[in-house]
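K.L.:
Below are the sequence and a predicted model; questions follow.
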Amino acid sequence: MIGFLNAVLQTDVEDLYIVEEKLSKDKIDDKQGILDIKAVCSSGEKINIEVQLLNEFNMIERTLFYWSKLYTEDLKAAENYSDLHRTIAINIFGYNLFNEHQNFHSVFKIQNIDTGELLTNLLEIQCIELPKFSKTKPDNNPLHRWLLFLTEDKDQRNLMEVLKMDQLVSKADEKLRRLSADEEVIRTYQLREKYLLDLNTQVNGAR
């Protein structure tokens, strides 16, 4: 997680702990297909990483809502606003959210629209659109290496190069292979995959 965050944020996260991790196998038919991870860095910064496979057409509003809850959740009565920590939302989409530009990685902050002056660094929202990345020519970039690993339709030759080049990605790949040998994990994955295929068929039929 630290290696992935450093690649996305282009910073130096040294330590963090996972506060919450949501991907319930009891919700195979959850239409949103969301993986939600909340982490806190040793510096106090809070980061929410969300993976969403299907477009529910509410992601901008949803992101702001959950960002605000995460930002304010630790502030108790009689404390100061200065005690609030920088909060970052990272969204990874299995669909294209922004049709007006081709960049797969977008970073949003609060700025003066005339001067470009940053109001505060306490709010940051980053969006990664995987379909756009799949059309990008990868280069020797840590974020590109992670996204090549995470993308479902991998070019095995490119993936092997990534694993040789990046030890952190290689460790993640080893962990994934161990998980893939677990019968319950395989069953959950297959049920989820079946649900998504059925859902796509129903949507196409409705169209």
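P.N.:
Good, I have the coordinates. Numbers count the residues shown, from 1 in each chain.
K.L.:
who touches the lowest-mean-pLDDT helix or strand in the chain?
P.N.:
The helix or strand of the chain with the poorest confidence is helix 156-165; it has a mean of 73 (mean pLDDT, DSSP states H and E). For helix 156-165, contacts defined as CB atoms under 8 Å, 6 or more residues apart in numbering pick out 138, 140, 145, 148-149, 169-170, 173. All C-beta spots, glycine's among them, are computed from the backbone N, C-alpha and C.
K.L.:
Go through the protein and flag its longest strand.
P.N.:
Counting residues, the longest strand in the chain under DSSP state E turns out to be strand 118-129.
K.L.:
Please name every helix or strand in contact with that one.
P.N.:
If you count contacts as 3 or more CB pairs under 8 Å, 6 or more residues apart in numbering; DSSP states H and E, strand 118-129 packs onto helix 2-9, helix 59-72, strand 87-93, strand 105-111.
K.L.:
Give me the mean pLDDT for the helix or strand that comes right after the least confident helix or strand of the chain.
P.N.:
Counting by DSSP states H and E, the element after helix 156-165 in chain order, helix or strand, is helix 167-180. Over the span of helix 167-180, the pLDDT mean works out to 79.
K.L.:
and the direction of helix 167-180 versus that of helix 156-165, what angle?
P.N.:
For the pair helix 167-180 and helix 156-165, the angle between their directions (axes from the mean of the first three to the mean of the last three CA atoms, to 10 degrees) equals 120 degrees.
K.L.:
next one: helix 167-180 to chain centre, how far?
P.N.:
18 Å (CA atoms, centre = their mean, to the nearest Å).
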